[in-house]
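Asker: Here's a sequence, model it:
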Amino acid sequence: MLSLRGLQRRLPRHPSLAFSRCQSSTARLGPAAPKEFKVVLDNDTLYIDQGLAEALGWDRVKQDSVPLTLHGWGPTYFAIARTGSDSELLARRTVESGSDSNVQQVLEYLRDR
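Answerer: The predicted structure is shown next:
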């Protein structure tokens, strides 16, 4: 079994970038608290439980598929988000800005605080 708990520890003190948007589609006040889920990886397929599927936008009534996108900036930042969502845009821009030396300097500064 693969746990997101280990992934969160490897993130450079920005766990909210990858986990704060992992919430259901119901309206909430304020930012969502990070949640941990256990997943299983087998033959290039990631198996998740219903709670995580619903948090990513799957609807148990419609049971339609939900397009997801994986963005990564190794070795520390990987995010799976609903394709086209604000979270996916944030993940994509985070990865794109990872090669910007100014962004790297700011992240180093913040990491050392």
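Asker: mind listing the helices for the chain?
Answerer: 4-10, 15-19, 50-55, 86-97, 101-111 (DSSP state H).
Asker: Have a look at the chain and report the helix or strand with the lowest mean pLDDT.
Answerer: helix 15-19 (a mean of 38; mean pLDDT, DSSP states H and E).
Asker: Neighbours of the residue nearest to residue 97 when sequence neighbours are not counted, how many?
Answerer: Spatial nearest neighbour of residue 97, excluding adjacent residues (CB to CB, 6 or more residues apart in numbering): residue 103 at 4.5 Å. In this view, the C-beta of every residue, glycine as well, is placed from N, C-alpha and C. A count of nearby residues for residue 103, using other CB atoms under 10 Å, gives 13.
Asker: swap in the one 10 residues further on?
Answerer: Using other CB under 10 Å, residue 113 is surrounded by 5 other residues.
Asker: how close does residue 34 get to residue 55?
Answerer: 11 Å (CB to CB, to the nearest Å).
Asker: now residue 88
Answerer: 14 Å.
Asker: okay if I get the helices of the chain as a markdown table plus distance to residue 79?
Answerer: Below are those laid out as a markdown table (distance: least, CB to CB, whole Å):
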| stretch | distance to residue 79 |
| --- | --- |
| helix 4-10 | 10 |
| helix 15-19 | 4 |
| helix 50-55 | 13 |
| helix 86-97 | 4 |
| helix 101-111 | 15 |
